[in-house]
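> quick one, what's the 3D model for this:
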Amino acid sequence: MKLFRKKQINESLIKIITISFGMGTGFSGANAAVSQDSLSIDEVIVTAQKREQRLQDVPISISVLGGEELDRSNAVGALDILNGVPGVAIRSSAQGGSQISVRGVTPNLAVLQGGPTIGFYLDSMPFSLIRSGLAPDASVYDLQRVEVLRGPQGTLYGAGSLNGVVRVLTNNADSSEFDFKARSSISHTKDGDINHKEDIAVNVPIIEGKLAMRAVIGFEDRSGWVESPNRTDINDRSRENARLKINATPNDRLSVDLTYWYSNEEFGAFDMSDPAGNRLSDGREDGDLGFSMYGAKVTYEFDKFSVTSSSSYLDYENNSAVVLNNTPPFLIFDTGITHKGFTQELLFNSTSDGPWQWSAGAFYRQAEDNLFEIFATVDTTDESDSFAVFSQVTRSFMDDQLQVTAGLRYFEDEVTVIENIPGSLVPTATQNFDKISPKLSATWSFDEGRILYLSYSEGFRSGINQFNRVIELLPETPPADADTLTNYEIGSKGSLLDGTVDYDVSLFFIDWTDTQQTLLLPDPTNPGVFFPSIMNSGDADGLGFDISLLVKPSDNVDLGLYYNYNGLRYSDDIISGGLVLFPEGGQLNSSPKYTYGASINYVRLMSQGWTATYSAYADYTSELPGRVVSGNAVDTSDTGEAIFLGRVSAEFRAPNNWTVKAFVKNISNNRRVPNGSFGFPDWKTALQPRTVGFSVEYQY
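The predicted structure is shown next:
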């Protein structure tokens, strides 16, 4: 999805709609206190580096999607909108959840294939499992913004931010006035049935200027479109979500933010089918997944620095059933994954004026994953106790024209795997991992509205113990050590032709060492039988670039283009089960070679105060490679197809707070398969067919 920035049309239309590519921007006009003509990219404020900064001053590649336009997009969840961000690709898991690829860096698979390579945050709360790289499809209604940080973020965000971070930031409660908005949409999916979705957000001041509450509730019912031999529309699903945020400011120095986030969805089957929407298997494949998160953030402002304490607790559960064969009796793979994790961060930020700015802090996490599988008779627990200390310092020179930043993080993690099956002889295994992650960058403001930046940064992912079966039969097999990604980048952004053109370009080189991959090891008790192992399997490197343009030929038209190229390739042959799984120079699993897109927005003033907005978006993602060892050969059927998606909409906003909108998603009815088969021929996941809908929103 692309979000455009429009110029002000009249006093009642103060909206900023932006497109995000490379280091693109996004800003919600609902939060703007100035007219659009006076607002520039310099004034877009982000907190990507854990302090408020102008987007123009942040020397990293970042896309920002504004909250109001996310509401207007009718996106179902965060993963829906991330598919349209430059350099980002989403792959669905056959066991629920999805994995995120940024500039081609992603786990081998989403479930049980190692921790995440891209950090995911709901406000200040990290969403991170130990052995799986799953990301939640959080609701995007009534958000402040979404920030997508490309490149390693190891210094400030730690383990799991190997090559990027996604931050979903909610609106704070406003203690000055009551606010209410509600939206209802109905749509129809080709080869499916009727879908509907409802969202409500309400802001309630409790003590003026001191205390307020904001609540968001949503429900979605989506029809299925996949047919099995004896059933129809088997992949129907329902989703419910709720958020509650309480903000208190007892005085000018102290602020307290309490957050609760709940999400749950139930489904009749996964979206697995051939391009025609047919699934061979007719066995039970239902499931449910969801999470609850609790957060508390307390900030106190001293004269020259601030102190922030951020605490969070995550409770996640994923239950699913997948059929392994196509004819009765069906072999059903029942899996249950749970995660419980507590995190605590203490952050110190300088607040005084002057050439020096600094941040320092400490982080602690205690987490536990449990995996239960009926078919494979598995019941294991992974535990992680980790802590880190970090600091980042910026020095300005030459009247703030030049800024130099240096950062460092030290991390330690104790990881334990426990076998829970009574009578098992598999020993408990404990390993310790540590890492130092540096960062160095320089930003040069060589002209008003234009900057050039250079950066060197490292990201890392913690190590992990072997699966219990490996520990039992091949105890000499070492655990997978932490892998490290180094990024060298040069970029520039700014405006040309008196603001008619906004440009954003970056050139980067990635060096990913000791990549964690799932490889097959021989079972010493059963010749010819192999079982999976997470191992440091080799290195990958490559050159890439992001290019984006936003052209404003008139006050009411915006045109946008973006292109991202990912040259990440393996440096050596990767051997699995005695076979070359990935040859030297081969692409990584789920790593697209390039993504590109185009967008157009047109705003027209109508009679009696109505405003019409017409939008069209098109995105293309090249194929997601997928290679697995199947028997005595390498199976490339796991490769997903290249995907083109188009969307159009027409929105009509009345002067009395009502908005109506018509939209079409997947306008070309593209039925290609973006996800491979995960080694099982009947496990391919096809796109949702063309969906035509209508929505109504009211804002008080």
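> could you look up the SS state of Glu472?
helix (DSSP: H, G, I helix; E, B strand; the rest coil).
> if I look at it, how far off is Glu383?
To Glu383, Glu472 is 19 Å away according to Cβ to Cβ, to the nearest Å. Backbone N, C-alpha and C define where each C-beta goes, glycine included.
> ok, these two, which is more surrounded?
Glu383 (18 against 15; other Cβ atoms under 10 Å).
> who does the helix or strand where that one lies pair up with?
Using DSSP states H and E, Glu383 falls within strand 378-397. On the basis of DSSP bridges, the sheet neighbours of strand 378-397 come out as strand 356-373 (antiparallel), strand 402-419 (antiparallel).
> quick one: closest of those strands to Val673.
strand 356-373 (26.2 Å; Cβ to Cβ).
> centre of the chain versus the closest one, how much separation?
18 Å (Cα atoms, centre = their mean, to the nearest Å).
> do stretch 164-171 as well
With Cα atoms, centre = their mean, you get 8 Å for stretch 164-171.
> residues of it that come out buried?
Judged by neighbour count (16 or more other Cβ atoms under 10 Å), stretch 164-171 contains these buried residues: 164-171.
> repeat that for stretch 482-498.
482-487, 489, 491-495.
> and the helices in this protein?
67-72, 78-82, 154-157, 468-473 (DSSP state H).
> just checking, what packs against the shortest one?
Other helices and strands packing on helix 154-157, by 3 or more Cβ pairs under 8 Å, 6 or more residues apart in numbering; DSSP states H and E, are strand 378-397, strand 402-419, strand 429-447, strand 450-461.
> so who does the most centrally placed residue in the chain touch?
Nearest to the mean C-alpha position of the chain, counting by Cα atoms, centre = their mean, stands Val166 at 4.7 Å. Val166 makes contact with 78, 82, 100, 118-121, 135, 146-149 under the criterion Cβ atoms under 8 Å, 6 or more residues apart in numbering.
> now render those as TSV, adding distance to Leu521.
Converted to TSV, these look like this (distance: Cβ to Cβ, whole Å):
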residue	distance to Leu521
Ala78	36
Leu82	34
Ile100	28
Ile118	28
Gly119	30
Phe120	31
Tyr121	35
Ala135	29
Val146	40
Glu147	40
Val148	37
Leu149	36
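> list just the nearest of the residues you listed to Asp179.
The closest of those, once distances to Asp179 are taken by Cβ to Cβ, is Val146, at 20.7 Å.
> what separation do you get for that closest one and Leu169?
7 Å.
> which parts of the stretch 501-650 of the chain are strands?
501-513, 516-522, 530-536, 540-554, 557-566, 569-570, 574-576, 579-582, 594-605, 611-621, 628-630, 633-635, 643-653 (DSSP state E, counting those that start in this stretch).
> could I get those strands as JSON lines with distance to Leu408?
Below are those laid out as JSON lines (distance: least, Cβ to Cβ, whole Å):
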{"stretch": "strand 501-513", "distance to Leu408": "19"}
{"stretch": "strand 516-522", "distance to Leu408": "24"}
{"stretch": "strand 530-536", "distance to Leu408": "24"}
{"stretch": "strand 540-554", "distance to Leu408": "23"}
{"stretch": "strand 557-566", "distance to Leu408": "28"}
{"stretch": "strand 569-570", "distance to Leu408": "30"}
{"stretch": "strand 574-576", "distance to Leu408": "32"}
{"stretch": "strand 579-582", "distance to Leu408": "33"}
{"stretch": "strand 594-605", "distance to Leu408": "33"}
{"stretch": "strand 611-621", "distance to Leu408": "35"}
{"stretch": "strand 628-630", "distance to Leu408": "39"}
{"stretch": "strand 633-635", "distance to Leu408": "41"}
{"stretch": "strand 643-653", "distance to Leu408": "40"}
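> out of those strands, the one nearest Glu373 is which?
strand 530-536 (12.8 Å).
> given that closest one, what are its sheet partners and their directions?
strand 516-522 (antiparallel).
> could I get the strand it pairs with in PDB with only the CA atoms?
Extracted in PDB, the C-alpha atoms of strand 516-522 (Å, rounded to 0.1, in the frame of the first residue of the first chain):
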ATOM      1  CA  GLN A 516      20.900 -20.000  10.700                       C
ATOM      2  CA  GLN A 517      19.300 -22.500   8.400                       C
ATOM      3  CA  THR A 518      17.200 -25.700   8.900                       C
ATOM      4  CA  LEU A 519      19.300 -28.600   7.500                       C
ATOM      5  CA  LEU A 520      18.800 -32.300   7.600                       C
ATOM      6  CA  LEU A 521      20.900 -34.700   9.600                       C
ATOM      7  CA  PRO A 522      21.000 -38.500   9.300                       C
END
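> buried sites along that strand?
Those would be 516-521, for strand 516-522 by 16+ other Cβ under 10 Å.
> please name the bridge partners of Phe531.
Leu521.
> do Trp358 as well
Going by DSSP bridges, Trp358 forms beta bridges with Val393.
> that one touches Gln392, doesn't it?
Yes: under the criterion of Cβ atoms under 8 Å, Trp358 makes contact with Gln392 at 6.9 Å.
> shaky segments in the stretch 601-700 of the chain?
Applying pLDDT under 70 to the stretch 601-700 of the chain flags the ranges 631, 676-679, 681.
> cutoff 80 now
In the predicted model of the stretch 601-700 of the chain, residues 628-632, 635-638, 640, 675-684, 686 satisfy pLDDT under 80.
> ok, now the stretch 1-150 of the chain?
1-44, 54-57, 68-69, 71-77, 80, 83-84, 91-97, 108-111.
> now the strands for it?
Counting by DSSP E, counting those that start in this stretch, the strands of the stretch 1-150 of the chain are 45-46, 53-54, 61-66, 88-92, 98-102, 119-122, 125-126, 143-150.
> now those as CSV including distance to Gln466?
Converted to CSV, those look like this (distance: least, Cβ to Cβ, whole Å):
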stretch, distance to Gln466
strand 45-46, 40
strand 53-54, 42
strand 61-66, 35
strand 88-92, 24
strand 98-102, 21
strand 119-122, 25
strand 125-126, 25
strand 143-150, 32
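> what's the most buried one of these?
Neighbour counts (mean count of other Cβ atoms under 10 Å) averaged over each of those peak at strand 61-66, with a mean of 29.
> could you point out which of the helices of the chain sits nearest Thr416?
Between the helices of the chain, helix 468-473 lies closest to Thr416; by Cβ to Cβ that is 11.6 Å.
> helices or strands up against the closest one?
So helix 468-473, by 3+ Cβ pairs under 8 Å, 6+ apart, packs with strand 402-419, strand 530-536.
> what's the least confident stretch among those?
Note on the helices and strands packed on helix 468-473: strand 530-536 shows the lowest mean pLDDT, a mean of 84.
> next, the angle from that strand to strand 501-513.
110 degrees (axes from the mean of the first three to the mean of the last three Cα atoms, to 10 degrees).
> and Trp235, what does it touch?
Let me fix one detail, which is that residue 235 is Asn and not Trp. Per Cβ under 8 Å, 6+ apart, neighbours of Asn235: 224-226, 267-273.
> where does the stretch 451-600 of the chain dip in pLDDT?
Checking the stretch 451-600 of the chain against pLDDT under 80 turns up 526-531, 577.
> report the contact partners of the residue nearest to Ser185 when sequence neighbours are not counted.
Leaving aside its chain neighbours, Ser185 sits nearest to Ser695 (3.5 Å; criterion: Cβ to Cβ, 6 or more residues apart in numbering). Ser695 sits next to 74, 183-186, 660-661, 663 when contact means Cβ under 8 Å, 6+ apart.
> for Ser175, same thing?
Ser175 touches 205-212, 247, 249, counting by Cβ under 8 Å, 6+ apart.
> out of those residues, who has the most neighbours?
Ala212 leads those on contacts (other Cβ under 10 Å) with 24 neighbours.
> show me what that one bridges to in the sheet.
Pro205, Asn247.
> ok, it to Ser311 distance?
Ala212 is 21 Å from Ser311, by Cβ to Cβ.
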